[in-house]
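Chemist: Give me the fold of what follows.
(one chain, ligands or ions: 1)
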Amino acid sequence: MRAVEWNPAGPAVRVIDQRRLPSSVEHVDLSSVQDVAQAIAAMTVRGAPTIGAVAAFGLALAAHASDASSLPALWDDIARATRLLQSARPTAINLAWALDHVTRQVTQSQPASVAAAKASLLAEAQRLADDEVARNRKIGQHGAALLADGDTVIHHCHTGGLAAVDYGTALGIIRAAHEQGKRLHVLVDETRPRLQGARLTAWELQQLGISHEIITDGAAGHFMRRGEVHAALVGADRVAANGDVANKIGTYMLALAASANHVPFYSAFPTSTVDLECPDGASIPIEERPADEVLHLSIDGQPIAPAGSRARNPAFDVTPHELITALVTEAGVLRPPFGPALRQATLEGMPA
Ligand code: MRU
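Modeler: Predicted coordinates:
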């Protein structure tokens, strides 16, 4: 199941509308760069590698729509599209990385005509999406060695195929271990406020036939303290050069609980999520989302907060590298000190 694919008949980028799950699996065709930017901002598509891939196809759509008759005019249109897409969400570096990567690949190939540049932008977007899936499978293979038959794993947010083009990153590790015949049980953090865990992780685990239970985010420490958890697994939206990890809000508290209870804490991501230009987590921009996402929930038909309540809604937090046992990338399992290992994995592991 591909979360993002090119539909030549549109042309359009075809995505699974993640807001409709788990109730229904609905595909949406995004046929302009504006549609793509809007789908990212509204979280119709979400998850760092998926955002990157859909943005790359967004550039191909911008190129298709461009009436430029010269290469400089086409690059002006692409630069405008890049700014629009990049402004859709700030934290996941995969978005900026994908836009930069695709544009650089095409300019370096020195296309001879506008038509050749347009074709090349689409081919590079397709290649980027395929490469993400290949990276995920390697992450799964490397990470599966960290899990033993009979383990109970706690997982935060959603890192499955929907979030990572296909297969998944942290969830890909669980999937790979399951495919190897290891019997695992997953405690699924519901992941307030948008409930990516309860809605999407539980749905994917159900599709894969992997044993799981949904827990409230606040229950994670309780299960760790009782010795019921063997590992904590999360993804990442941006990893700083020193190994600090920005990921879904609540990841930091989970890492603190894991550290206090001697539970190994792993973050899994492709090297397209590493930002070597951010020296540490303090320089990673954290998205603030509308207060409505926190307040608009009802229990027994009643709103959960008094009318007029205010709320804060940071979408991500930063887990300092000291709390992380290992980072899992397509290049392998990286152990502290993370700085040199991340540098090597990112600079050597990526396609030219
Ligand atoms: O706000 P979201 O749902 O896009 O946040 C997603 C996460 O935090 C994921 O854990 C991360 O992007 C890794 S996806 C493989």
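Chemist: Show me which residues of this structure sit near the ligand.
Modeler: Residues of the chain found near the ligand (Cβ under 6 Å from any ligand atom) are 46-49, 92, 157, 159, 163-164, 169, 196, 235-237, 247-248, 315. Glycine gets a C-beta too; all of them are placed from N, C-alpha and C.
Chemist: do that again at 5 Å, thanks
Modeler: 46-48, 157, 159, 163-164, 169, 196, 235, 237, 247-248 (Cβ under 5 Å from any ligand atom).
Chemist: Taking the stretch 201-350 of the chain, what residue is nearest to the ligand?
Modeler: Per Cβ to the nearest ligand atom, residue 235 is where the stretch 201-350 of the chain lies closest to the ligand, at 2.8 Å.
Chemist: Would you list the phi and psi of that residue?
Modeler: Residue 235 adopts backbone torsions of phi -100, psi -150, taken as degrees, to the nearest 10.
Chemist: thinking again about what came up before, can you lay out the residues of the chain next to the ligand as TSV showing pLDDT and neighbour count?
Modeler: TSV is the format used below for the residues of the chain next to the ligand (pLDDT from 0 to 100; neighbours: other Cβ atoms under 10 Å):
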residue	pLDDT	neighbour count
46	98	24
47	98	30
48	97	30
157	98	30
159	98	35
163	98	29
164	98	33
169	98	32
196	98	27
235	98	32
237	98	29
247	98	29
248	98	26
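Chemist: mind giving me TSV with those residues and columns for secondary structure and distance to residue 344?
Modeler: Converted to TSV, these look like this (DSSP: H, G, I helix; E, B strand; the rest coil; distance: Cβ to Cβ, whole Å):
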residue	secondary structure	distance to residue 344
46	coil	30
47	coil	26
48	helix	21
157	coil	27
159	coil	24
163	helix	26
164	coil	23
169	coil	20
196	helix	31
235	coil	21
237	coil	22
247	strand	22
248	strand	27
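Chemist: Return the closest of these with respect to residue 283.
Modeler: Nearest to residue 283 out of the residues of the chain next to the ligand is residue 237 (Cβ to Cβ; 13.9 Å).
Chemist: is it true that the closest one touches residue 318?
Modeler: No. Using Cβ atoms under 8 Å, residue 237 makes no contact with residue 318, being 10.0 Å away.
Chemist: List the residues that are in contact with both of these two.
Modeler: residue 246 (Cβ atoms under 8 Å, 6 or more residues apart in numbering).
Chemist: show me what contacts the residue of the stretch 201-350 of the chain closest to the ligand?
Modeler: With contact set as Cβ under 8 Å, 6+ apart, residue 235 has these partners: 47-48, 157, 159, 163-164, 169-170, 247-248, 267-269.
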